[in-house]
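*Asks:* I would like to see how this sequence folds:
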Amino acid sequence: MADKPLTRRQEQALETRNRIYNAAVELMERKGFDNITIAEISRAAGVSVGAFYHYFESKNDILAEIFRRADEYFATEVAPNLGEKPVPEQILEYFDHYARFNIASGVEMIRQLFNPKVKFFTRQDRRMLSLLQDLIRKGQERGEIRGDVSPEEAVRLLFIMARGVVFDWGLHEGSYDLEAMMRACIGRLVSTLRP
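*Replies:* Residues are numbered from 1 along each chain as shown. Next up, the predicted model:
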């Protein structure tokens, strides 16, 4: 069943929410998440503080939205397009997308997100993780991925490596090819997951 078109009021609400989100992200990149206030975000978005609270419960909801959008991107754009090649190759392609997504986010955003205070990385209910777990399970069923490592543990190891690469890239001011480094590091780890 096709989605019903949005009403004009719903379109305006979505536009306002996106304006607030975009203003917050832009301020975050310039000043850092801890250094911005809801009043500043509202001013930059051209809305009242009350409007901010209509769309977001707190400033932390901006972070939640960043991670929700990343999960949505992987669910709608990455997972359906991995094809039917061998699972180890699909895992490498998945992390090619992860590298490109972080490049598109930019070094300043990476510096804000890759911070021990940001706990969204550790949430186990994230769609980005479950998609990769499903891929690992498929690889195990096909005999392409070792069965003595649970999908959850394999995903944990892969993301420890991937986040470490992105963090290092941010430390180095984005001065090297993140996609190439991601493929090299994830490739080494994926080779240990093969039977």
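*Asks:* residue contacts, the residue nearest to the spatial centre of the chain?
*Replies:* Residue closest to the mean C-alpha point of the chain, counted by C-alpha atoms, centre = their mean, is residue 70 at 3.6 Å. Shown in contact with residue 70 (C-beta atoms under 8 Å, 6 or more residues apart in numbering): 101, 128. In this view, the C-beta of every residue, glycine as well, is placed from N, C-alpha and C.
*Asks:* tell me which helix or strand comes right after the helix or strand harbouring residue 104.
*Replies:* Residue 104 belongs to helix 87-105 when assigned by DSSP states H and E. Sequence order places helix 107-113 as the next helix or strand after helix 87-105, per DSSP H and E.
*Asks:* tell me the helices and strands packed up against that next one.
*Replies:* helix 8-31, helix 151-171 (3 or more C-beta pairs under 8 Å, 6 or more residues apart in numbering; DSSP states H and E).
*Asks:* average model confidence for that helix?
*Replies:* Averaged over helix 107-113, pLDDT sits at 86.
*Asks:* again with stretch 25-38
*Replies:* 91.
*Asks:* can you list the residues that contact it?
*Replies:* Under the criterion C-beta under 8 Å, 6+ apart, residues 24, 40-41, 44, 49, 52-53, 58-59, 62-63, 66, 106, 108-109, 112, 115 lie in contact with stretch 25-38.
*Asks:* how long is that stretch from one end to the other?
*Replies:* Stretch 25-38 has an end-to-end distance of 12 Å (criterion: C-alpha to C-alpha, to the nearest Å).
*Asks:* mind listing what's buried along it?
*Replies:* 25, 27, 28, 29, 33, 36, 38 (16 or more other C-beta atoms under 10 Å).
*Asks:* now stretch 94-111
*Replies:* Buried-residue list, stretch 94-111, by 16+ other C-beta under 10 Å: 94-99, 101-103, 105, 107, 109-111.
*Asks:* and what of stretch 161-172?
*Replies:* 161, 162, 165, 166, 167, 169, 170.
*Asks:* ok, stretch 127-147 next?
*Replies:* Buried residues in stretch 127-147 (16+ other C-beta under 10 Å): 127-133, 135-136, 139-140, 144-145.
*Asks:* list just the nearest of those to residue 15.
*Replies:* residue 127 (24.8 Å; C-beta to C-beta).
*Asks:* tell me which residues touch the closest residue in space to the closest one that isn't next to it in sequence, please.
*Replies:* Excluding the flanking residues, the one nearest residue 127 by C-beta to C-beta, 6 or more residues apart in numbering is residue 71, at 3.9 Å. Neighbouring residues of residue 71 by C-beta under 8 Å, 6+ apart: 126, 127, 128.
*Asks:* what's stretch 108-127 in contact with?
*Replies:* 25, 28-30, 32-33, 63-64, 66-67, 71-72, 74-75, 102, 105, 152, 159, 163, 166-167, 169-170, 174.
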